[in-house]
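In: here's a sequence, model it:
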Amino acid sequence: MELREGHVDILINNAGRSRPVDVVGSEKVWIESMALDFDRPRQLTQELLPHFMTRKQGSILNLASSYELRAVNVSAVAKASIVMWSKQLSVQVGRYGITVNCLQPGLIDTENIRPFFVGDERRKFADREIPIGDFGEPQDMANMAVFLVSPRARYITGTVAVVDGGMRHHPF
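Out: Okay, here's the model as predicted:
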């Protein structure tokens, strides 16, 4: 990849689309979702890595998703792959001053999630499942993302930062 002007310091891979499937899911859906949720972030990262390595600096942040879904979801499988790949990549590029981390959102109050919690359902669910007592705001994700790509996080790599108000049930 040739950069015509300036340079890139930060890459945030934030592609994805929830794709629930039956236990015997469509091959087409698997291929499309794996391409969007895993292949494209990996390909973009691989295009920028030589630039980061030459400059001996860079920060890569990959958005993940919950792994604790109760049904098969191709996006969650792909995002789990992103996490493992990110951890492996962080080991290999750390010597170049490059950090690689993942950000895993919990339930963030967005247009994407609102249709699943109509009326009092949001409050009931939050009271029952989220220790902090409510869904997160997009700014909560932004705050963690800004930190993870900043110089203040220079010694943090290969990690998954979870922003979920304590909702996680099982540690991974």
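In: show me where pLDDT drops low in the chain?
Out: 1-4, 67-68, 169-172 (pLDDT under 70).
In: what do you get if the cut-off is 50, keeping everything else the same?
Out: Along the chain, segments meeting pLDDT under 50 span 170-172.
In: going along the chain, name the strands of it.
Out: 10-13, 58-63, 98-105, 160-163 (DSSP state E).
In: other SSEs contacting the last one?
Out: It refers to strand 160-163. Counting contacts by 3 or more CB pairs under 8 Å, 6 or more residues apart in numbering; DSSP states H and E, strand 160-163 is packed against strand 98-105, helix 138-148. C-beta coordinates here come from the backbone N, C-alpha and C atoms, glycine included.
In: where exactly do the helices run in the chain?
Out: With DSSP state H, the ranges of helices along the chain come out as 27-34, 40-55, 74-93, 121-129, 138-148.
In: quick revisit: make JSON lines out of the strands of the chain and add mean neighbour count.
Out: Converted to JSON lines, the strands of the chain look like this (neighbours: other CB atoms under 10 Å):
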{"stretch": "strand 10-13", "mean neighbour count": "18"}
{"stretch": "strand 58-63", "mean neighbour count": "23"}
{"stretch": "strand 98-105", "mean neighbour count": "23"}
{"stretch": "strand 160-163", "mean neighbour count": "18"}
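In: with respect to residue 151, which of those lies nearest?
Out: strand 58-63 (9.0 Å; CB to CB).
In: list the residues that contact the spatially most central residue of the chain.
Out: For the chain, the residue sitting closest to the mean C-alpha position, by CA atoms, centre = their mean, is residue 63 at 1.5 Å. Contacts for residue 63 (CB atoms under 8 Å, 6 or more residues apart in numbering) come out as 12-16, 79, 102-105.
In: of those, which is the nearest to residue 90?
Out: residue 102 (9.6 Å).
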